[in-house]
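Novice: Return a 3D structure for these sequence lines:
(2 chains)
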Amino acid sequence: MNLEVTIGGLKLKNPVMTASGTFGYGEEYAEFFDLNRLGGVVVKGLSLLPKEGNPPPRVVETAAGMLNAIGLQNIGVENFIREKLPFLKQFDTSIIVNFFGDSIREYTEVAERLNSADGVHALEMNISCPNKQAGWCIFGTDPKVTREVIRAVRNVTALPLIVKLSPNVTDIALMAKVAEDAGADALSLINTITGMAIDIKTRKPKLGNITGGLSGPAIKPIAVRMVYEVYRAIKIPVVGMGGIMSAEDAIEFLIAGATAVAVGTANFIRPAAAIGILDGIIEYMEREKLEDIGSLTGTVDAG
Amino acid sequence: MIDPLPGQFYMLEVSGGYDPILKRAFSLFRKTSDGIQILYRIVGKGTAMLRNMKEGAILDVVGPLGNAYPLPSEDQIPLVIAGGIGIASVFPVIEKLSGRTYVFYGIRTKNEILMVEEIQKISRELSISTDDGSCDWKGTAVDLLNHFLTHRRSLISRFLIYACGPRPFLKEISVIASSYKVKAYLSLEENMACGIGACLGCVVKTASGYKRVCKEGPVFDSEEIVW
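Specialist: Have a look, this model is predicted:
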C-alpha cells in the first residue's frame, strides 16, 4: 500500500498533517503520541518578531465548532529556530513552517530566515488569518496584492511554498489561480471562516476581539466545496482542511480533490486525533482494496 | 493512571458528539483508591449532559493537567478561600493539609453549600458566608477573610492564601493579599479549547505577558496577574 504523497516537491510519508495553530510547535502533543507517524507537522504561524496576540476571551464554543481570535500569538522566527526547531528535527516527519507578515517586506524577511534554517522542509504562507484588523486582510482577498506578496516570497525561497487561502472571498477558484500563477507550489485550504457570537445577557461579543475564525465540523461542507472548486481550477496540489474529525471526513476531502489533509480543531478535542484518522484511512484503503492513496484524489463523480 | 496533585485539572468529554464539541475542564476534587472524583455545578449544556449520564458510561478524559498549589511549609498557616463551585479546586488542599486550614467558603444561598460536614472535619476552622444571609455571615468570603486578617495582624507573616472562585472574587482577594503582604495562590478559569497548551486560547495577562491557564496555570501567584 502506498501512502506517500507529494505536495509541490515536498514528499510526505502519508497524507495526514496537523493544521497550523492547532498543534503548537509539536511539543505538547509528543506526550500523547508518536509524532513520527504523521505525514507532516505544520507549526503555529510565525512572524519576524514575537507577537503577544489578542486579549481574552480568545476562544468560544459554538454548535459543532469553535470561534477563535488568538491573534497570531507566536514566539517569532528567531526563537522558533533556536528553541523549537531542534526538538522537531528529531522526528521523521515533514516540518512545514507557517508564517505571515504585516507587510510584503516582513513576509520576505521571515521566508529568507527560514530558508537557511536546517530542518525546515516547506513553508506555508498564511495570507488569510481573519483575526487581524482591516488592511492586513487584503493579502488574502485582493488578487493584486495576493499576487504581489506571493511573487515576492517566491523570489526569495526555493523551499516548497504552500499558500494558505482565505475562505472569506467570493470566488476561491479565482484566488487559487492567482496564487498558482504567482508561483505557489501547492495550496492549502481552508483557513477559518470569520464569525461572531454574542452573549444575549450582557449583549457583548463573546470574543475579546469581537470577531474570530470559525473552525470545526460546522465548516466542513464549505471546505469540501472549496477544495472541489479549487482542484478543478488549478494544476498544483491542494492540502484540504476544515472540520476534519474522522477518517471519513479526510477521505471526503481527498475525493473532492485534496492530495493531503490537515487535522485542526480535532487535535484540541482528542490530542491523538490525527493518528486515529491516519489509521482509519489505512483501514479504508484495505477495505476498498486501494493500492495508492493518490488514486483517490479528485475522483468525485459529479456527473 | 498518573496521581494528580491538588490544583490540577482534567479535560472531560461530555457529549461524544459535536454539540457541545469541546472537552470541559474540571478541577480534581478528590483522588480515591480507584480513581478520581470531580465536583461540578450544572451551568450549561455540557454539565447537564454529565448529570444525565448513567453509571458505567465511558468518557474520554485527558489529565491530570496544569500545575498545582505549592504547599505551605510547617510554620505557615494556610487560609483557603472558596467562592461557589471553586470549592472543588481547593478541597484537595484542605484534605491534604488535614486539620491545618482556615476555610472561608462563600456561596449565594444556603442550599448551594457542598461538603460542609466533611470540611468541618478536615479543616481547622470553617467560616461560611451567603450573599442572601441564609446561612451564617451575610456577605462574601472576601469579607470573612478581611475580618480574619484584621484581627490577626501579629500572625500576618505566617499566612498563605489558596483561593478559587469567580474572577471578580479572586481580584478582590488579590487586592487584600497584597495590602497585607500575604502570598496568595489563585486558581483561574478561562475559556479553554485543548487544555494541553496548544491552542493559546486560555491565556491570562501577567506581569510577564500572556500565560496559558492550562499550562503555566491554573494556579498563579496573585502578584503575577494583571487584572
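Novice: In the stretch 101-250 of chain A, which residue sits closest to chain B?
Specialist: A:Pro217 (5.1 Å; C-beta to the nearest C-beta). All C-beta atoms are positioned from the backbone trio N, CA, C, and that covers glycine.
Novice: Show me which parts of stretch A:139-159 are buried, residue by residue.
Specialist: By 16 or more other C-beta atoms under 10 Å in any protein chain shown, the buried positions in stretch A:139-159 come out as A:139-141, A:143, A:145-147, A:149-150, A:152-154, A:156-157, A:159.
Novice: who's in contact with residue 52?
Specialist: In the absence of a named chain, this looks at chain A. A:71, A:73, B:209-210 (C-beta atoms under 8 Å, 6 or more residues apart in numbering or on different chains).
Novice: and these, which are buried?
Specialist: For the contacts of A:Glu52, buried by 16+ other C-beta under 10 Å: A:71, A:73, B:210.
Novice: For A:Arg270, state which of the residues you listed is nearest.
Specialist: A:Gln73 (23.4 Å; C-beta to C-beta).
Novice: ok, the closest one touching A:Lys51?
Specialist: Yes - if you go by C-beta atoms under 8 Å, A:Gln73 and A:Lys51 touch, sitting 5.7 Å apart.
Novice: ok, back up a step: ok, the contacts of A:Glu52 vs A:Thr62, which is closest?
Specialist: Of these, the one sitting nearest to A:Thr62 (C-beta to C-beta) turns out to be A:Gly71, at 18.6 Å.
Novice: Would you check how far apart that closest one and B:Leu5 are?
Specialist: 32 Å (C-beta to C-beta, to the nearest Å).
Novice: Domain-wise, how is chain B divided?
Specialist: B:9-65, B:77-190+B:199-224 (automatic domain parsing).
Novice: and A:Gly243, which of those is closest to it?
Specialist: Among the domains of chain B, domain B:9-65 sits nearest to A:Gly243 (C-beta to C-beta), with 9.3 Å.
Novice: Same question for the residue in chain B that chain A sits nearest to, what's its three-state structure.
Specialist: Per C-beta to the nearest C-beta, B:Gly201 is where chain B lies closest to chain A, at 3.4 Å. At B:Gly201 the chain is in coil, as set by DSSP: H, G, I helix; E, B strand; the rest coil.
Novice: Checking my notes, A:Glu286 in a helix, right?
Specialist: Yes - judged by three-state DSSP, A:Glu286 forms part of a helix.
Novice: and the residue lying closest to it once chain neighbours are set aside, how many neighbours does it have?
Specialist: Leaving out its chain neighbours, the residue that sits closest to A:Glu286 by C-beta to C-beta, 6 or more residues apart in numbering or on different chains is A:Met1, at 7.5 Å. Here the count is done by other C-beta atoms under 10 Å in any protein chain shown, and A:Met1 has 10 residues near it.
Novice: got a list of contacts for the helix or strand of chain B with the lowest mean pLDDT?
Specialist: Counting by mean pLDDT, DSSP states H and E, chain B has its least confident helix or strand at strand B:137-138, which shows a mean of 90. Residues outside strand B:137-138 that contact it (C-beta under 8 Å, 6+ apart): B:127-132, B:143-144.
Novice: which of those residues count as buried?
Specialist: B:127-130, B:143-144.
Novice: Among these, name the ones in helices.
Specialist: B:143-144 (DSSP state H).
Novice: how about the buried ones among the contacts of strand B:137-138 in CSV, adding pLDDT?
Specialist: Compiled in CSV, the buried ones among the contacts of strand B:137-138 are given as follows (pLDDT from 0 to 100):
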residue, pLDDT
B:Ser127, 96
B:Ile128, 96
B:Ser129, 95
B:Thr130, 95
B:Asp143, 94
B:Leu144, 95
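Novice: from the buried ones among the contacts of strand B:137-138, which is closest to B:Val182?
Specialist: Nearest to B:Val182 among the buried ones among the contacts of strand B:137-138, with distances taken as C-beta to C-beta, is B:Leu144, at 14.5 Å.
Novice: which one is the closest one nearest to, not counting chain neighbours?
Specialist: Using C-beta to C-beta, 6+ apart, the closest residue to B:Leu144 is B:Phe104 (4.3 Å).
Novice: Which strand or helix spans A:Gly45?
Specialist: Here A:Gly45 sits within strand A:40-46, counting by DSSP states H and E.
Novice: That strand: how far from the chain's middle?
Specialist: How far strand A:40-46 lies from its chain's middle: 8 Å, per C-alpha atoms, centre = their mean, to the nearest Å.
Novice: Where do the helices of the chain begin and end?
Specialist: In the absence of a named chain, this looks at chain A. Using DSSP H, helices in chain A cover A:27-30, A:77-79, A:85-89, A:104-115, A:138-141, A:143-156, A:172-182, A:220-233, A:247-256, A:265-269, A:273-287.
Novice: sorry, should have said chain B
Specialist: B:45-51, B:87-96, B:116-122, B:141-150, B:167-180.
Novice: what's in contact with the third one?
Specialist: The set of residues external to helix B:116-122 that reach it, using C-beta under 8 Å, 6+ apart, is B:87, B:91, B:94-95, B:98-99, B:103, B:105, B:126, B:128.
Novice: now the residues you listed: which count as buried?
Specialist: Looks like the contacts of helix B:116-122 have B:87, B:91, B:94-95, B:103, B:105, B:126, B:128 buried, using 16+ other C-beta under 10 Å.
Novice: would CSV of those with distance to chain A be doable?
Specialist: As requested, the buried ones among the contacts of helix B:116-122 are exported to CSV (distance: C-beta to the nearest C-beta, whole Å):
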residue, distance to chain A
B:Ile87, 24
B:Phe91, 26
B:Ile94, 29
B:Glu95, 28
B:Val103, 30
B:Tyr105, 27
B:Leu126, 33
B:Ile128, 28
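Novice: In these, find the pair that's most separated.
Specialist: Among the buried ones among the contacts of helix B:116-122, B:Glu95 and B:Ile128 lie farthest apart (C-beta to C-beta), at 18.1 Å.
Novice: count of neighbours near the residue in chain A positioned nearest to chain B?
Specialist: Proximity of chain A to chain B (C-beta to the nearest C-beta) peaks at A:Val59, 3.4 Å away. Using other C-beta under 10 Å, A:Val59 is surrounded by 26 other residues.
Novice: contacting residues for B:Ala177?
Specialist: B:Ala177 neighbours (C-beta under 8 Å, 6+ apart): B:161, B:183-184, B:222.
Novice: Separate out the buried members of these.
Specialist: B:161, B:183-184, B:222.
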